[in-house]
Each structure stands twice: as structure tokens, then as C-alpha cells.
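Undergrad: Sequence and predicted structure, then a few things I'm wondering about:
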Amino acid sequence: SAVVLHEREGSKSLAAYVVLRETLVPSELKQWLKARLPEYMVPASVTVLDALPLTPNGKVDRKALPEPDRHFTSARFVAPRTATELHLARIWEDVLPARPISVDANFFDLGGHSLLAIRLLARIEQQFGQRLPLSTLFQSPTIAQQAQRLHAPVQDSILPRHLVPIQPQGSQRALYVLPGAGGQVLYFHPLASHLGRDQPVFGLQTPGIGVDEELPESIEDHARALLGSLRAHQPEGPYRLLGHSSGGRVAFELARQLEQQRQQVEHLIILDVTPQPDPGEWLQRQGRPSLDAMVELIDVLEAEFEQPLELSFQTLQALPDDEARWALFAQRLWQRQILPDTVGVAQVRTMFRIWDTTMDHQFRYRPATRVHTTIQLLRAVQLLDDAPEFLRDNMYWDWQPFATAPVRTHWVPGNHNSMLNEPHVRTLAQRLLELLGGTE
């Protein structure tokens, strides 16, 4: 990685500007710099760039460096002040890749993501006997705020079911984001952060994740459930919708249903998904045994976390029944610290059921009518290493048969997953701001 330390005029602290050659989070970069620099040179903030600005002579143009990224600015360390904060700090330091952790540090700035959030909240429930929803991390993302919440639970503002306030502040029209097959909206936090404090962002979480709630039976039912929550929050259009991965097809169906109700959809933004799946892959999925589906999920998790679970088809097939297979699967997830052992076998099966059912709906979906709004398709420049062969054929990416207005395609850095992570999410956010602002 290329690193430039720079002191702004009138500033009393250094800022680091980094061009990454590997995927790291700012907290890891700070630890790397801290191990190699004198204390007085450790930067107060880390800003990730796609490239360093250069002068005509090929030197770093320090005047052209952007303002330090305050989102990643490290405030002074604040030690735990109560027993609750102390217990929480120990849990956070066990779960997150940073220590010591200030009670004012933000979970997301420290590298927090969806599965770390599950581990964190499971440990908190084990320690304190209180279950906090994942949305807590948007509203109370620090140790101090969580300690206050545990001591004096507050009545959250009443929001429609399925709606999660990722970044609720700002004067612009709200952007509603729909997640992929996992169903959780936590991974949209970096995007919401880079869109700025004036752009409200709300997640539309997959129905069925909540307690005592059934999964929808199709993408049409999925969109219909979200439609009620969306219109309860914003009764009239114009609406701004964004869907990533399988959520892109749900966003399309939601836009279609809104237009049937004579509502205007101002923006329909689809992130890196084709309008329909490969027919050959759909035929392979029909009637397949549950063991094949489990092996597919294992492959996804191994690629995501770069850890072998050592669960081959033959190993699982040799076990007497599904109960034994799921018990071994959960055990491997605990051993690799992908999930804590407080997340039981039943919860692991529920997570899988959400993922597999959502994927099944994707393969069954066929749009009934076209939408009238302009579809903005944002495609990742890189394909995942294990991406199906059909995704290399541009024919499958053609959304035009499903829209009356011209479809616009934009390319953004990264792959299907990393486009929403540092450092690529910065470019994605900038492109979205241009689209939402009408300058693109």
C-alpha cells in the first residue's frame, strides 16, 4: 500500500492518505502505522484513495489531497467508567480486530460487519440477559450508548415493520435500500456513511427475519410486504429505491407494484444483478436434495471468510441424518469463530432457510410487466472467481425488455461484494450522489 502522511495548515495532527493494494479496514491500517511510526507521527485519521493526486512532475500533489475523512477520525481514548461499560469493552475487544477500544468508538469504524454484529449481540445477550436487535448498532453504535441502553431501555421511535433507519438524518428525499439473499441491511452502513449526512438511508429488511414471522412465498409477496412498510413511512412518491444482488430484483418488483398504485418511482437503482437467472442453473436447482443446498452455502461461506470448513459432500453424506449434519455445520462455524456458540443450531438453520428460500425465489421470478421509470444498472468491473459462466455474457444483463425508458449502465470498481466495501464504496457513493442529484 502507498501511504502519505500530511499535516493540514492549522492542524495539530497528521492525516494518513492510503492507496490500498489489499483489503483492510482503517482500524487495521492504524495499527499497522502505529507499529512502524513514533507516537507523535501516528495519524489522527486514515483516508483511503483509489490513487494519489500527482503534480505534472509525478510527485504527490499535497494541495490536491481531500480533507481528512472525519468518519474514520480517531477521537481521544475514553476508558470504561462503569461496570457495564467495562464488561461491554471486554466483549467488544474479544469480537472486533482492535484493542483497546474507547467507549466512544463506533462499531463500524472498527471493522464491524454483519456476522461480527451477530457475534457481538449474542455475547451481550449471554452476559446481560437482554436481547438487542441488529438495528441497535445503527442507533447505538458505541459502548457508551449500548451501556445506557442496557441500563435504561428506551422506547425506540415507532417505525413500520421491516424498516431499519441506517442513516435517518438529512433534507434529501429518502433512499430505500434492499439487501441480497442474507436479508440483513447492516452491510449498507459504509455506503450510507459515504453518501453523507444530508442523504437519509433506510433499509427494507427481508420479511421473515423477525421473530414469529413467516418468509414470503415469492418475490411478488416479498415486495408486497415491503410495499406496506414503505408507504406507511412515506405515503406518497416520488420514491428512491436501490437493490443489491437479489435485492435488485425485489426492488424492481417493488417499483412495478408502486407504479400499479399510480405512484412515481424517481430512481430505481440496481446493483450488479441480472433481470433473470440462467435457465440451466434453475433446472439444476429444482428438486435438489437439502444436502446439495447445504454444500452450496458452505462454498459461499468459505469464499466469504477465506476459511475452510472442511465439510465435503462425502463427509456430510456419511452422517445419519440432517440433524447430525446441521450440528456438525454449526460446530465448524463456532470453531472458526464465524459465529459464536451462543448462536444455536436452530438459529443457524433459520439463517440458512432465509438464504436458500430467497435464492429459490430469485430463480422462480419472471417480471409480469415493465416499469416506466429509468433503471440505473451499476455493474462491478470484476466478476467473482466462482461466478457462473453465464454472467460473462452481456445478454443476461439486459434489463431493457423490462423497462419502457432507456436503461442506463454504469461501471464501478470492485466485485459483486467488494463494491460495497472500502475502498470501492467511496466511488460507488460518489456515482450514486451524481445519479440522485441529476448530474449524471
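TA: Received it, and whenever you're ready, just let me know what you need. Treat the numbers as computed from the prediction; the structure is a model and nothing was measured.
Undergrad: got any ranges where the stretch 51-200 of the chain has weak pLDDT?
TA: 67-76, 153-157 (pLDDT under 70).
Undergrad: If we use 50, what do you get?
TA: By pLDDT under 50, the low-scoring segments of the stretch 51-200 of the chain are 70-74.
Undergrad: all helices for it, in order.
TA: 83-95, 114-128, 136-139, 143-151, 189-195 (DSSP state H, counting those that start in this stretch).
Undergrad: what distance separates the lengthiest helix in the chain from the middle of the whole chain?
TA: Looking across the chain with DSSP state H, the single longest helix is helix 345-364. Here helix 345-364 is found 18 Å from its chain centre; the criterion is CA atoms, centre = their mean, to the nearest Å.
Undergrad: Tell me which helix or strand comes right after that helix.
TA: strand 375-380 (DSSP states H and E).
Undergrad: got the CA positions of the very next helix or strand once past that next one in PDB?
TA: For strand 375-380, the following helix or strand on the C-terminal side (DSSP H and E) is strand 408-412. The C-alpha coordinates for strand 408-412 follow below in PDB (Å, rounded to 0.1, in the frame of the first residue of the first chain):
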ATOM      1  CA  ARG A 408     -28.500   3.200 -18.200                       C
ATOM      2  CA  THR A 409     -25.500   1.000 -17.300                       C
ATOM      3  CA  HIS A 410     -22.600   2.300 -15.200                       C
ATOM      4  CA  TRP A 411     -19.400   0.600 -14.200                       C
ATOM      5  CA  VAL A 412     -18.000   0.800 -10.600                       C
END
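Undergrad: follow-up on the earlier one: with respect to Val103, which of the helices of the stretch 51-200 of the chain lies nearest?
TA: Each of the helices of the stretch 51-200 of the chain was scored for nearness to Val103 using CB to CB, and the closest is helix 143-151 (4.1 Å). All C-beta spots, glycine's among them, are computed from the backbone N, C-alpha and C.
Undergrad: name the helices or strands packed onto the closest one?
TA: In this structure, helix 143-151 packs against helix 83-95, helix 114-128, helix 136-139, with contacts taken as 3 or more CB pairs under 8 Å, 6 or more residues apart in numbering; DSSP states H and E.
Undergrad: now these as CSV including distance to Gln307 and mean neighbour count?
TA: Output for the helices and strands packed on helix 143-151, formatted as CSV (distance: least, CB to CB, whole Å; neighbours: other CB atoms under 10 Å):
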stretch, distance to Gln307, mean neighbour count
helix 83-95, 16, 18
helix 114-128, 12, 19
helix 136-139, 24, 20
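Undergrad: Now do the buried residues in stretch 226-240.
TA: By 16 or more other CB atoms under 10 Å, the buried positions in stretch 226-240 come out as Leu226, Leu227, Ser229, Leu230, Arg231, His233, Gln234, Gly237, Tyr239, Arg240.
Undergrad: need the contact list for the closest residue to Leu433 other than its chain neighbours.
TA: Leaving aside its chain neighbours, Leu433 sits nearest to Leu195 (6.4 Å; criterion: CB to CB, 6 or more residues apart in numbering). Contact analysis of Leu195 by CB atoms under 8 Å, 6 or more residues apart in numbering lists Gln167, Leu175, Val201, Ala429, Leu432, Leu433.
Undergrad: Work out for me the element the fifth one sits within.
TA: Counting by DSSP H and E, the secondary-structure element that holds Leu432 is helix 424-436.
Undergrad: the inter-axis angle of that helix versus strand 375-380?
TA: Orientation check (axes from the mean of the first three to the mean of the last three CA atoms, to 10 degrees): helix 424-436 against strand 375-380 gives 160 degrees.
Undergrad: Sweet, I'm off.
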